[in-house]
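Fold the following for me, if possible:
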Amino acid sequence: MTATTATELWSMGVGQLARAIRERRVSSREVVEAHLARIESVNREQNAITAVLRHEALAAADEADRKIAAGDQVGSLHGVPFTIKENIDVAGSATTQGVKALATAVPTLDAPQVANLRQAGAIPIARTNMPDFALRWHTDNALHGATRNPWDPARTPGGSSGGEAVALATGMTPLGLGNDLGGSLRYPSQCTGIAAMRPTLGRVPRASTIEPVDAPISIQLYNSEGPMARHVADLRLALEEMIKPSWRDPWYVPLPLAGPPLARPIRVALVVDPAGQGTAGQVARGVRKAADQLAASGYAVDEVEAPAVALAAETWANLIVADLRVMWPMMSPLVSDDANLFMSSVFEVGNDLDRGAHLQSFMARQSLARAWAEFQVTYPLILAPVSTVPPAAVGADLTPDGVAHLIQAMRMVVAVNLLGLPSASVPVGIDEGLPQAVQIIGPRYREDLCLDAAEALEQACGVFTPIDPR
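Next comes the predicted model:
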């Protein structure tokens with residue numbers, strides 16, 4: 001393998017690599033070795049990769065090549081490496097959750113989405129960094145340290161799937177697995193210029209063998225497992241495999257990825273400034289650019305406000321903060337000083353609900369879900385910002401004012417989590433030296449519509465990664 005070939009391999013997408021391996025233009029071992037070399041080259045500064053599964057990955061690559069040579073039938077992702085966030089189980093590799101106390105918490109089984117990707121022939125190559133218990137919009141912890149944004153190290157790479165986003169943006173992996181409780185797939189994608197898909201609640205099965213295996217109700221309702229990649233087509237390819245069934249998740253919904261066709265043109269609600277609370281110019285210009293491109297691609301785009309965004313964001317915060325107030329005394333001794341500082345700021349700015357208000361919040365969630373479902377009969381897709389401000393400065397989330405500002409900026413993100421809706425994030429340009437991104441929100445179980453629109457934007461706007469870090 002020449003140096004030129006190695007560079008081409010780590011810059012290629014999942015589908016491109018899978019085809020090249022199937023057609024014997026390159027071996028799986030060469031692909032894995034190219035990504036291992038890229039990790040060795042750039043990760044020391046970026047700190048996105050926390051554990052390299054070198055020996056296991058090379059052995060799996062050799063087995064993948066043996067199957068190709070034997071003419072065996074192979075899966076859609078055969079021989080392609082992928083990385084996994086450290087709160088997703090990979091058998092034999094610690095599910096650390098970003099905390100020292102779990103540094104030796106090694107699961108006995110793969111998480112369902114990991115197992116499904118392995119079944120399709122994909123090869124786990126490394127684990128990626130995250131904040132303590134995935135509870136910050138910045139990626140740092142006392143176990144592994146901070147991950148750096150390759151566009152600007154003074155800016156956050158986002159969280160909680162920030163390690164995955166940076167690994168993708170710098171060519172250390174073609175595919176990553178993360179999750180999204182309050183923007184943890186979409187915000188790192190905005191910060192680093194990659195693409196991600198937050199699926200509908202229940203779409204991708206999830207489970208763990210590390211205690212506690214069951215989560216509080218807000219996390220059960222909000223969290224979603226999803227893929228991250230540089231190309232939208234790769235999100236679709238991975239999601240097709242990830243949604244295959246597992247008995248381990250009792251709330252899994254067995255539906256095909258493609259839904260029935262909609263009447264054309266598909267109508268899109270353009271929301272530049274959710275709830276009228278302000279959107280930074282760098283972000284607003286990206287959203288309006290995306291709207292113009294969707295219109296040019298045949299979508300009918302109207303600028304119209306989505307229902308009760310501010311109430312949806314407040315309801316998301318009320319329910320999750322109520323659960324975290326109960327859990328935090330047990331979690332606080334396990335996490336870093338900065339994680340405790342962040343959470344103390346969250347508790348200071350968040351509402352402290354009594355039982356009646358807690359009940360009312362669940363009732364509000366139902367009402368909001370019904371209002372959005374009615375809205376999406378007319379506007380199946382909603383085009384909106386991810387965060388309404390560019391990537392925050394490192395440390396901006398460690399004061400009450402900073403946390404309040406960030407929660408406000410994430411209002412359209414967390415509304416999606418409250419309602420369990422699918423949303424694809426996709427980059428649409430570079431402005432002021434930083435990536436611009438939008439999210440495309442769809443009706444429940446219509447990830448296909450989100451991905452179709454995201455692909456239209458990618459074709460019009462281009463792909464902006466991988467990059468060499470600054």
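
Just to be sure, Gly176 is in a strand?
Yes. Under DSSP: H, G, I helix; E, B strand; the rest coil, Gly176 sits within a strand.

just checking, it touches Met228?
Yes. Applying Cβ atoms under 8 Å, one finds Gly176 in contact with Met228, separated by 4.2 Å. Quick note: C-beta positions are derived from backbone N, CA and C, even for glycine.

Spit out the residues that contact the two alike.
With contacts taken as Cβ atoms under 8 Å, 6 or more residues apart in numbering, the residues that reach both Gly176 and Met228 are 161, 164-165, 168.

so what's Phe375 up against?
269, 306-307.

And it, its phi and psi?
Phe375 adopts backbone torsions of phi -60, psi -40, taken as degrees, to the nearest 10.

gap between it and Ala415?
12 Å (Cβ to Cβ, to the nearest Å).

again with Gly92
38 Å.

Could you do Val428 as well?
Distance from Val428 to Ala415, by Cβ to Cβ: 21 Å.

Compare those two (neighbour count), which wins?
Ala415 (29 against 25; other Cβ atoms under 10 Å).

pLDDT averaged over stretch 183-203 - what is it?
Averaged across stretch 183-203, pLDDT comes to 98.

which residues of the chain score low on pLDDT?
Along the chain, the model assigns pLDDT under 70 to residues 1-7.

Taking the centroid of it, which residue is nearest it?
Leu185 (1.9 Å; Cα atoms, centre = their mean).

Which residues are in contact with that residue?
161, 178-179, 196-198, 224, 226, 228, 425.

Go again with 7 Å.
Leu185 is in contact with 161, 178-179, 196, 198, 226, 228, counting by Cβ atoms under 7 Å, 6 or more residues apart in numbering.

could you dump stretch 359-369 to CSV, C-alpha only?
Taking C-alpha atoms only, stretch 359-369 is exported to CSV below (Å, rounded to 0.1, in the frame of the first residue of the first chain):
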residue,chain,number,x,y,z
LEU,A,359,-47.0,15.8,36.4
GLN,A,360,-48.0,18.8,34.4
SER,A,361,-44.7,18.6,32.5
PHE,A,362,-45.6,15.1,31.3
MET,A,363,-49.0,16.3,30.3
ALA,A,364,-47.4,19.2,28.4
ARG,A,365,-45.2,16.7,26.5
GLN,A,366,-48.3,14.8,25.3
SER,A,367,-50.0,18.1,24.2
LEU,A,368,-46.9,19.3,22.4
ALA,A,369,-46.4,16.0,20.6
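
Give me the contact list for it.
By Cβ under 7 Å, 6+ apart, stretch 359-369 touches 307-308, 311-312, 315, 318-319, 353, 418-419.

What of stretch 215-227?
By Cβ under 7 Å, 6+ apart, stretch 215-227 touches 113, 175, 177-182, 185, 196-199, 201, 204, 206, 235, 238-239, 242, 319-320, 323, 327, 417-418, 420.

Generate a ChimeraX selection restricted to the buried subset of the residues you listed.
To isolate the buried ones among the contacts of stretch 215-227 in ChimeraX, judged by 16 or more other Cβ atoms under 10 Å, type:
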select :113,175,177,178,179,180,181,182,185,196,197,198,199,201,204,206,235,238,239,242,319,320,323,417,418,420
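
Now go through the contacts of stretch 215-227 and say which are in helices.
Judged by DSSP state H, the contacts of stretch 215-227 include 113, 235, 238-239, 242, 319-320, 323, 327, 417-418 as members of helices.

Looking at those residues, spot the one nearest Arg370.
Arg370 lies nearest to Leu418 out of the ones in helices among the contacts of stretch 215-227, by Cβ to Cβ, at 12.8 Å.

I'd say the closest one and Ala312 touch.
Yes. Assessed by Cβ atoms under 7 Å, Leu418 is found in contact with Ala312 at 5.3 Å.

any idea where the strands of this protein begin and end?
Counting by DSSP state E, one finds strands in the chain at the ranges 49-52, 81-85, 123-128, 175-180, 195-198, 224-229, 267-270, 300-303, 381-384, 423-431, 434-441.

okay, those strands in a markdown table with distance to Arg148 next?
Converted to a markdown table, these look like this (distance: least, Cβ to Cβ, whole Å):
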| stretch | distance to Arg148 |
| --- | --- |
| strand 49-52 | 12 |
| strand 81-85 | 17 |
| strand 123-128 | 13 |
| strand 175-180 | 17 |
| strand 195-198 | 19 |
| strand 224-229 | 17 |
| strand 267-270 | 34 |
| strand 300-303 | 36 |
| strand 381-384 | 28 |
| strand 423-431 | 18 |
| strand 434-441 | 14 |
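
Let me know which of the ones you listed is the nearest to Ala101.
Using Cβ to Cβ, the strands of the chain put strand 49-52 closest to Ala101, at 15.5 Å.

What pairs with the closest one, parallel or antiparallel?
strand 123-128 (antiparallel) (DSSP bridges).

what residues does the partner strand touch?
Under Cβ under 7 Å, 6+ apart, the answer for strand 123-128 is 32, 35, 39, 48-53, 57, 60-61, 64, 79-86, 90, 93, 114, 163-164, 167, 173, 176.

angle of it against strand 175-180?
Interaxial angle, strand 123-128 versus strand 175-180 (axes from the mean of the first three to the mean of the last three Cα atoms, to 10 degrees): 50 degrees.

Convert the C-alpha atoms of strand 123-128 to PDB, please.
Provided in PDB are the C-alpha atoms of strand 123-128 (Å, rounded to 0.1, in the frame of the first residue of the first chain):
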ATOM      1  CA  ILE A 123     -15.100  -3.800  12.200                       C
ATOM      2  CA  PRO A 124     -14.800  -2.000  15.600                       C
ATOM      3  CA  ILE A 125     -11.500  -0.200  15.500                       C
ATOM      4  CA  ALA A 126     -11.500   2.200  18.400                       C
ATOM      5  CA  ARG A 127     -13.400   3.900  21.300                       C
ATOM      6  CA  THR A 128     -14.100   7.600  21.400                       C
END
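
how far off strand 224-229 does it point, in degrees?
Relative orientation of strand 123-128 versus strand 224-229 (the same axes, to 10 degrees): 110 degrees.

Can you give the distance of strand 123-128 from its chain's centre?
Distance of strand 123-128 from its chain centroid, counting by Cα atoms, centre = their mean, to the nearest Å, is 16 Å.

With stretch 27-38 instead?
24 Å.

Tabulate the CA atom coordinates of it in PDB.
The C-alpha trace of stretch 27-38 is given here as PDB (Å, rounded to 0.1, in the frame of the first residue of the first chain):
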ATOM      1  CA  SER A  27      -8.200  -5.300   1.200                       C
ATOM      2  CA  SER A  28      -9.900  -4.800   4.500                       C
ATOM      3  CA  ARG A  29      -6.500  -5.000   6.200                       C
ATOM      4  CA  GLU A  30      -5.200  -2.100   4.100                       C
ATOM      5  CA  VAL A  31      -8.300   0.000   5.000                       C
ATOM      6  CA  VAL A  32      -7.900  -0.800   8.700                       C
ATOM      7  CA  GLU A  33      -4.200  -0.100   8.600                       C
ATOM      8  CA  ALA A  34      -4.700   3.200   6.900                       C
ATOM      9  CA  HIS A  35      -7.100   4.300   9.600                       C
ATOM     10  CA  LEU A  36      -4.800   3.100  12.400                       C
ATOM     11  CA  ALA A  37      -2.000   5.100  10.800                       C
ATOM     12  CA  ARG A  38      -4.200   8.200  10.700                       C
END
